[in-house]
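**Q** coords below, sequence missing:
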């Protein structure tokens, strides 16, 4: 049976092998990325630039409906607000609140 010090030495050797393997894999991945960038003529700016098809998150959407009594608005996205649900339940039409 191995002693604690021998096991600790084996652990240190294995950890060093792990670090070396990670370094080699990372270098290989970087080489592949550089080759693809060269093949397609890409730059770092291309990688960080937002494409025209991407959505902007957090952008405000214009209101489509307004409660004339309180001034509350709703964009038509997401769940209907309580004031609109109550009005629709009382027989009003959603077109009554359209802007």
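**A** Arrived safely, thanks for sending. Since the structure is predicted, the reported quantities are computational estimates derived from the model, not experimental observations.

**Q** Would you map the strands across the chain?
**A** Counting by DSSP state E, one finds strands in the chain at the ranges 65-66, 73-74.

**Q** Please identify which of the ones you listed is closest to residue 15.
**A** Closest to residue 15 of the strands of the chain, according to C-beta to C-beta: strand 73-74, at 57.8 Å. In short, each C-beta sits where N, CA and C put it, glycine included.

**Q** How about residues contacting that closest one?
**A** Strand 73-74 has contacts (C-beta atoms under 8 Å, 6 or more residues apart in numbering) with 63-67, 80-81, 84, 97, 99.

**Q** Distance to residue 35 for the strands of the chain - can I get that in TSV?
**A** Below are the strands of the chain laid out as TSV (distance: least, C-beta to C-beta, whole Å):
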stretch	distance to residue 35
strand 65-66	53
strand 73-74	51
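
**Q** Mind giving me the PyMOL command for buried ones among the contacts of strand 73-74?
**A** Command for PyMOL that selects the buried part of the contacts of strand 73-74, burial taken from 16 or more other C-beta atoms under 10 Å:
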select buried, resi 65+67+84+97
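
**Q** Just the ones of the contacts of strand 73-74 in helices?
**A** Mapping the contacts of strand 73-74 onto helices (DSSP state H) picks out residue 84.

**Q** now, the most widely separated pair of the contacts of strand 73-74?
**A** Using C-beta to C-beta, the two most remote members of the contacts of strand 73-74 are 80 and 99, lying 15.6 Å apart.

**Q** Okay, helices next: where are they in this protein?
**A** Under DSSP H, the chain gives helices at 4-40, 44-48, 82-89.
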